[in-house]
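> okay, here's the prediction I keep looking at, along with the sequence it came from:
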Amino acid sequence: MIRVLIVDDDSKICLFFETVLERMGCETVTAKRISEAKKFTAKEAFDIILLDLELPDGNGLDIMPDLVNLPSSPEIIIITGTGDIRGAEIAFKNGAWDFVQKPFRLDDVSLPIQRALQYRKEKMASHRLIPLKRSRIIGESQVLQQCLDEVGKAASTDASVMVTGETGTGKELFARAIHENSKRASKPFVPVDCGSLTETLIESTLFGHEKGAFTGASHKQEGLILQADGGTLMLDEVGELPLSMQKALLRTLQERVVRPIGGRKEIKVDIRIISATNLSLDSMVKEKQFREDFLYRIRAMEIHLPPLRDRGKDIEEIVLKKIHELSKRYKLEAKAVSDEYIETLASNNWPGNIRELLNVLDYSIASAGNDPTLVSKHLPPDYRISKLEFLLPVKKDTQQIIDNVLENSDSEFPSLNACREKLERDYLKRLLEKAGSNRKAACRLSGISQARLYALLNKYNLPGFGSN
Ligand SMILES: Nc1ncnc2c1ncn2[C@@H]1O[C@H](COP(=O)(O)OP(=O)(O)OP(=O)(O)O)[C@@H](O)[C@H]1O
C-alpha cells in the first residue's frame, strides 16, 4: 500500500488530504511540525510526502534535502501559499515532484497526487522508470543524458518548464519531447515564436479575436491559447514577449480563462506552458524588461541544454545518423564518413550548434555527389580552416592572444576554446565601442542575431544596450 506523510499545521487541510488520499487507497500519517515530520521519517518509510512550506517551527524547504535523500526516495509535493511561486521554484530545484497552491480545489490536488501514485506504483512494479520517448533527440553524452533525465521528470508533472541554451541546441525539440512524454501527449503541442510577432499581432495571435474587434478583423479567429487547450503552449523566445502580454498571459495562467479581443465572455482553458530562451531573464527582471511574477509562473522547472561543443562524442553520433538519413532522403548510396571528417568537425566551435551542424552536413552531401566517403574537402572552407589553425605558422596577432591567455592561466599551452573566448570577448568590446548604444547597428556590423548578441554579452558579462 502507498504510504503518504502529510506535513501541514492546518487541521482542515490535513483532514481534506486524509479523506482524498484514503479514497485513493493510501495510508496516511499527519505531522503538524517539522520536528514531528523528522521523527516520522526517521522511523517509517513513505512513498509520497505532502509538505507545506510555512510551518510553525520553520520553512518546509529547510528539510527538503533530507526528505529527498531518505532511503525510500519519496516523491514530494509542495503546498505553497498564494503567490509563493518562488518557494515552488526552489522546491523543484531541490527535487520536488510537483506543487499545489492554496487555496485549492479537489481537481488541483488530485491530479498531481494521482500522477505521483501512478509513478510510485510503476516504480514498485518494475523498479525502473518508464522508458522515455526520445522524439528524434540524438546523443549519448553524460550531459545530454542528464537533460533527458530532466525531461523525464518534467514529463511526469504538469509544472511549467523553461528550456534554456544557446541558439540551435534543441530547445524546441526538448520542449516537444516533454510534451510527447506527458499525459498531454494526445492533445496539441502549439509552438509560438514570440520574437517574430509585433505587439499588436501577438495579442490576437495568442488570445484570438471576434469578428470586427478591430480594423481588419474581418472574421472571428481562435487564438493559439485555445488551440492548445488540454495540451502544451510553447512560448519560444519568451524574452521577446512584450510586458503587456506577460501581464495578460499571467492572468490567463492564474485564472485559467481566456477572453478573445472584442469578446464578452471568458472561456475556460487548460494549458501547460513550456518556454524557451537564450536570454538571461533574471537580468531582464532587474532591468525591468521582464515581469518577475510572470517569470516565477513559467519557470517552475528549468532545463539547460549544453552547447554542442561541450557534448563530446554526440557530434559523431549526430553526423552518422543524419548522414544516413540525408542519403536516404536524396536517394543516394549509403555514405561512409572518414575519421578526419569527424575530427575536422569536432575542432569547430559551433556557435549555431546542432542547427549549424545540420546545415554543414547538407552542404557535404551535396558537395560529395557520388563520392562514397565523406572527407574534409566536402566541408565548407571556413570549417576546414579551424583545424588548419593548429598547423599554420602562428601569426603575430594570434601569438599575442595566446600569450595573453597564458598570462592568466597555469597551463603550458592554452586550449583552442580559451583562445576563441579571448578573441570573442575582445571582438565584442570593440563592437560595443563601434556601435555605441545602437543595438541594431551592433547586429548589422557583426552579422549575428539580436538573441545571439545578448547571449554573448551575457556570457562575457559585458554591458547591454538601453531600451533602443
Ligand atoms: N540532440 C539532437 N539530435 C538531433 N537533432 C537535434 C538535436 N538537437 C537539435 N536538433 C535539431 O537541430 C535543429 C535546431 O533545433 P531547435 O529548433 O530545437 O533549437 P533551438 O534551441 O530551439 O533554436 P533557437 O534558439 O534558434 O530557436 C532542429 O532541426 C532540431 O531537430
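It's in.
> quick one: low-confidence parts of the protein?
Within the chain, the ranges that satisfy pLDDT under 70 run 82-88, 122-130, 385-397, 437, 464-468.
> what does it put close to the ligand?
By C-beta under 6 Å from any ligand atom, the residues of the chain that approach the ligand are 136-139, 165, 167-173, 236, 276, 278, 318, 354-355, 358. Where you see a C-beta, it was placed from the backbone N, CA and C, and this is true even at glycine.
> in strands, which of those residues appear?
Using DSSP state E, 236, 276 are the members of the residues of the chain next to the ligand that sit in strands.
> PyMOL command for the buried members of the residues of the chain next to the ligand?
Applied in PyMOL, the following selects the buried portion of the residues of the chain next to the ligand according to 16 or more other C-beta atoms under 10 Å:
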select buried, resi 137+138+139+165+167+168+169+170+171+172+173+236+276+278+318+354+358
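> so which of the residues of the chain next to the ligand are in helices?
171-173, 318, 354-355, 358 (DSSP state H).
> for these, which one is nearest residue 180?
If you rank these by distance to residue 180 using C-beta to C-beta, residue 173 comes first, at 10.4 Å.
> and the nearest residue to residue 427 once chain neighbours are set aside, how many neighbours?
Spatially, and ignoring its direct neighbours in sequence, residue 427 is nearest to residue 446 (7.9 Å; C-beta to C-beta, 6 or more residues apart in numbering). Applying other C-beta atoms under 10 Å, we find 16 other residues in the vicinity of residue 446.
> likewise residue 347?
17.
> could you do residue 417 as well?
By other C-beta under 10 Å, 12 other residues sit near residue 417.
> do residue 56 as well
Per other C-beta under 10 Å, the neighbour tally for residue 56 reads 9.
> that one contacts residue 36, correct?
No: checked against C-beta atoms under 8 Å, the pair residue 56 and residue 36 is beyond contact range at 10.3 Å.
> isn't residue 46 up against residue 71?
No: using C-beta under 8 Å, residue 46 makes no contact with residue 71, being 10.5 Å away.
> quick one: which of those two has more around it?
Neighbour tally, residue 46 and residue 71, criterion other C-beta under 10 Å: the higher count belongs to residue 46, 23 against 7.
> identify the residues contacting that one.
By C-beta atoms under 8 Å, 6 or more residues apart in numbering, the residues touching residue 46 are 3-5, 29, 40, 70, 72, 74.
> need the residues you listed in a markdown table (columns: secondary structure and neighbour count).
Shown next, in a markdown table, are the contacts of residue 46 (DSSP: H, G, I helix; E, B strand; the rest coil; neighbours: other C-beta atoms under 10 Å):
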| residue | secondary structure | neighbour count |
| --- | --- | --- |
| 3 | strand | 18 |
| 4 | strand | 28 |
| 5 | strand | 23 |
| 29 | strand | 17 |
| 40 | helix | 15 |
| 70 | coil | 14 |
| 72 | coil | 15 |
| 74 | coil | 22 |
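> dump these into JSON lines; add distance to residue 191 as well.
Listed next are those as JSON lines, based on distance: C-beta to C-beta, whole Å:
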{"residue": "3", "distance to residue 191": "41"}
{"residue": "4", "distance to residue 191": "37"}
{"residue": "5", "distance to residue 191": "39"}
{"residue": "29", "distance to residue 191": "44"}
{"residue": "40", "distance to residue 191": "45"}
{"residue": "70", "distance to residue 191": "39"}
{"residue": "72", "distance to residue 191": "39"}
{"residue": "74", "distance to residue 191": "35"}
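> any idea which of those is closest to residue 264?
Checking the contacts of residue 46 one by one against residue 264 (C-beta to C-beta), the nearest turns out to be residue 4, at 44.1 Å.
> from what I can see that closest one touches residue 28, true?
Yes: under the criterion of C-beta under 8 Å, residue 4 makes contact with residue 28 at 5.0 Å.
> joint contacts of the two?
Common neighbours of residue 4 and residue 28, counting by C-beta under 8 Å, 6+ apart, are 17, 21.
> tell me who's in contact with the closest residue to the ligand within the stretch 101-250 of the chain.
Residue nearest to the ligand within the stretch 101-250 of the chain: residue 170 (2.7 Å; C-beta to the nearest ligand atom). Under the criterion of C-beta under 8 Å, 6+ apart, the neighbours of residue 170 are 137, 305, 353-354.
> quick check: beta-bridge partners of the most centrally placed residue in the chain?
Central residue of the chain (C-alpha atoms, centre = their mean): residue 163, 1.0 Å from the mean position. Using DSSP bridges, the bridge partners assigned to residue 163 are residue 276, residue 303.
> these two touch, right, the residue nearest to residue 427 and residue 457?
No: with contacts counted by C-beta under 8 Å, residue 446 stays clear of residue 457, the gap being 11.1 Å.
> on that earlier part again, enumerate every residue touching the residue nearest to residue 427.
427, 431, 453.
> just the ones in helices from these, please.
Using DSSP H, the members of those that fall within helices are 427, 431, 453.
> need the residues you listed in TSV (columns: neighbour count).
Converted to TSV, the ones in helices among the contacts of residue 446 look like this (neighbours: other C-beta atoms under 10 Å):
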residue	neighbour count
427	13
431	19
453	20
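> of all the residues you listed, which comes closest to residue 398?
Using C-beta to C-beta as the measure, the one of these that approaches residue 398 most closely is residue 427, at 13.9 Å.
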